[in-house]
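[1] Just to be clear, the model below is a prediction. Sequence and coordinates:
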Amino acid sequence: MGEGVEFIITKTFHPVQQKLPTTQEGNFYAILFYMLNYRIKKSSKAKRVSIRIDQNRQVTLTMPALFPEYLAKQFIDQKQAWIEEKLATIPNNIYTQEHYKQHKEKARRIISARVQDWAQIMGLSYNQLSIRHTNTRWGSCSSKRNLNFSYKLIFLDSELMDYVIIHELSHLVEMNHSKRFWNIVSTYCPDYHDHRARLRNYEK
Ligand SMILES: [Zn+2]
């Protein structure tokens, strides 16, 4: 039998406390519940059962090919506390590829509708709208009048989402960050200064 993922078992919810971006009202924490998927690998090379946790919080148990599965599951139960301890030390990023897949279509619906509204208000037209999984950018606008937005926008306050949308739509008129550009932004989003500052919190 070769190396490879044989099966995945899903175990108890794993609560994680995550600090939310600082707001004017103070600091808040969210308790997020994770379902842990344990990958179980059977390996002809493995001499014993071992557990590995990677930076994406993936827990993998490797066991010798002929090792009984129920003993592997027992092993996980025994190591539960150790696993949770290890997971707690890994920086928690909820925006995984899996999270993106789960929310992409919803993000497309919400963001498209909002972009259409603002484009109409601002009297602008654009080509294509894409939803992306980005780490550093909330949105972008190309010279071909295509708009890209991060799916994470839907997790922001709606006024911040609106600001990002207005910002990118304004680039349809001014492909730069000149005074003229900011004048357009401020016409539709007078509080853009505050919004920019708050967005920077989210970027950390
Ligand atoms: Zn810009």
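    That came through fine.
[2] ranges for the strands of this protein?
    For the chain, the strands defined by DSSP state E cover 5-19, 29-43, 50-53, 59-64, 129-132, 139-141, 147-150.
[3] Out of those strands, name the one with the poorest average pLDDT.
    Mean pLDDT across those is lowest at strand 5-19; the value there is a mean of 59.
[4] Point out where this structure drops to low pLDDT.
    Residue ranges of the chain with pLDDT under 70: 1-36, 56, 91-92, 203-204.
[5] gap between the most far-flung residue of it relative to its centre and L160?
    Relative to the mean C-alpha coordinate of the chain, counting by C-alpha atoms, centre = their mean, the farthest residue is L66 (38.4 Å). L66 sits 55 Å away from L160, going by C-beta to C-beta, to the nearest Å. Just so you know, the C-beta spots here come from the backbone N, C-alpha and C atoms, and that holds for glycine as well.
[6] Excluding sequence neighbours, find me the nearest residue to the residue nearest the centre of the chain.
    Nearest to the mean C-alpha position of the chain, counting by C-alpha atoms, centre = their mean, stands Y95 at 2.0 Å. Residue nearest to Y95 in three dimensions, not counting chain neighbours: K152, with 6.2 Å by C-beta to C-beta, 6 or more residues apart in numbering.
[7] for the one you found, what are its contacts?
    K152 makes contacts with 95, 134, 138, as judged by C-beta atoms under 8 Å, 6 or more residues apart in numbering.
[8] ok, so of these, who is nearest V49?
    Set against V49, the nearest of the contacts of K152 by C-beta to C-beta is Y95 (31.9 Å).
[9] List the buried residues of the longest helix belonging to the chain.
    When the chain is parsed with DSSP state H, its longest helix is helix 97-122. Buried positions in helix 97-122, judged by neighbour count with 16 or more other C-beta atoms under 10 Å: 100, 103, 107-108, 110-111, 114-115, 118-119, 122.
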